[in-house]
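S.K.: Could you look at this predicted model? Sequence included:
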Amino acid sequence: MEQFRYEVIHTCKQSGARVGKLYTPHGVIDTPVFMPVGTNASVKSLTPDAVKDCKASIILANTYHLFLRPGEDLVAKAGGLHNFMKWDRPILTDSGGFQVFSLSKMRKITDEGVAFQSYIDGKKLFMTPELAIDVEEKLGADIIMAFDECTEGHADYKTSKKAMERTLMWLDRCYKHHKREDQMLFPIVQGNMYKDLREQSIKETLKYAKCGFSIGGLSVGEPKETMYDILDFLRPFYPENQPRYLMGVGSPDCLVEGVMRGIDMFDCVLPTRIARNGTALTRNGNLTVRNGAYKEDFTPVEEGCDCYCCKNFTRAYIRHLINADEILGGELLSIHNIRFLTKLMEDIRTAIMEDRFLDFYNEFTSKYEWGHGGEKQAPNLK
RNA sequence: GUGGGUAUAGCCCAGUUGGUUAGAGCGCUAGUUUGUGGCACUAGAGGCCAAGAGUUCGACUCUCUUUACCCACC
């Protein structure tokens, strides 16, 4: 797999956090990285050019959704996902394992696979690890995820153990089935909040990892401190020469906490979702632009931000657009929120390169508050 | 001018034969959002029921007067 290579560029002497480069067939990704989500082969409301202007180096697309519509064969006929959606940088496809979990109303999981109904037309379908890989190969992303079983944050031990074991079994099937050399298959660590399950999972999972692996089953309803605790627990098991991807995270504070705990890749729908609902990310925390307080506020969403939204528009205008249900409001805030996170990662990388990430961390966490008085948790520094 | 109708939340309207703290929708205000089934979800504020006088144990509901607006006809 010469097309894939990960190299650690620098490890921060102050914090142990690291900067690296992940080489893929569609370009190099500087890590730590935040990856915007484009479920249906589209980062909602944004053109690929706009996403590039936000300095995103890689985006996600979703196997589950594209399998249901328009179908992997059509995407393949269009020349693959990159060509279909006109995004020439790296793409990662999620396998659909998480959707099986989040769309639990209509599913039945067995060792063989998952029976579920299409949310679009109700058609009964059956997804297996082999089928998920087939679909991901036809979609043609650079990085593809193994088909896993995710459990909710408060799942009991027995359920979590079964899901973790099934994920390992499916992982083996995914690897045996995967053929394309120009795609990197990332295995997924499960085990919920149980450390013995996590340990078993990561040990077995890493046997398959070649150039990257991911941590799933976190940020699924558990308290942040619990997630940080699991990340601290897993850290000693990480190989140095592979990127570590924490799935579904997250909020700015979680990204900073994650990097402090050795994570290299993140993805989350949060910036684009809250944008469409009228909330902006800023260094001081969330700014609900739709609030009445900004009715006559003619300053940018965030002073000093270099995004298209902040360079050209005011809070009063964005608020008006959101309140008038104009799609441009969600679009402009999406641009800001994505750029906010890519800029946050740039700043993090710079701080690591300059061996001052611990200072950065302390300054960031002292200023930033998630929502109302978000609880803070000091990192486990060892 | 005559006859008829209407008047309840910022707006458009419900309010059973008069009976506890007068309701919905929209709007407004705030909160939520973590591998996207989301122009979503949750909550809150806001009414001297046009004004005045009666009937009644009790009136948004019944009677009278006034005011404003609407319709029809002279």
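M.R.: Yes, it's here. Quantities reported herein were computed from a predicted structural model and do not represent experimental measurements.
S.K.: and the stretch 151-300 of chain A, which of its residues are near RNA strand B?
M.R.: Proximity of the stretch 151-300 of chain A to RNA strand B (CB under 7 Å from any atom of the strand) is limited to residues A:188, A:214, A:216-217, A:219-220, A:224, A:247-251, A:254, A:267-270, A:272-274, A:276-279, A:286, A:288, A:290-293, A:295. (C-beta placed from N, C-alpha, C; glycine too.)
S.K.: mind listing which of those are in helices?
M.R.: Judged by DSSP state H, helices contain the following of these: A:K224, A:C254, A:L270, A:T272, A:R273, A:I274, A:R276.
S.K.: Out of those residues, which end up buried?
M.R.: A:K224, A:C254, A:L270, A:T272, A:I274, A:R276 (16 or more other CB atoms under 10 Å).
S.K.: Where does the prediction get shaky in chain A?
M.R.: Residues of chain A meeting the criterion pLDDT under 70: A:1, A:103-106, A:371-382.
S.K.: nearest residue to the residue with the largest distance to the centre of it other than its sequence neighbours?
M.R.: Ranked by distance from the centre of chain A (CA atoms, centre = their mean), the top residue is A:E296, with 35.2 Å. Of all residues not flanking A:E296 in the chain, A:A316 sits nearest, at 5.7 Å (CB to CB, 6 or more residues apart in numbering).
S.K.: Contact partners for the closest residue to A:G250 other than its chain neighbours?
M.R.: Spatial nearest neighbour of A:G250, excluding adjacent residues (CB to CB, 6+ apart): A:C268 at 4.9 Å. Contacts for A:C268 (CB atoms under 8 Å, 6 or more residues apart in numbering) come out as A:F34, A:V37, A:G248, A:V249, A:G250, A:S251.
S.K.: Neighbour-wise, which one of these leads?
M.R.: A:F34 (27 neighbours; other CB atoms under 10 Å).
S.K.: Backbone dihedrals for the residue nearest to A:Y308 when sequence neighbours are not counted, please?
M.R.: In space, and not counting its chain neighbours, A:Y308 is closest to A:I335: 5.4 Å by CB to CB, 6+ apart. With angles defined as degrees, to the nearest 10, A:I335 sits at phi -60, psi -50.
S.K.: Out of the contacts of A:C268, which comes closest to A:Y157?
M.R.: Among those, A:G248 lies closest to A:Y157 (CB to CB), at 22.1 Å.
S.K.: Good, we can wrap up now.
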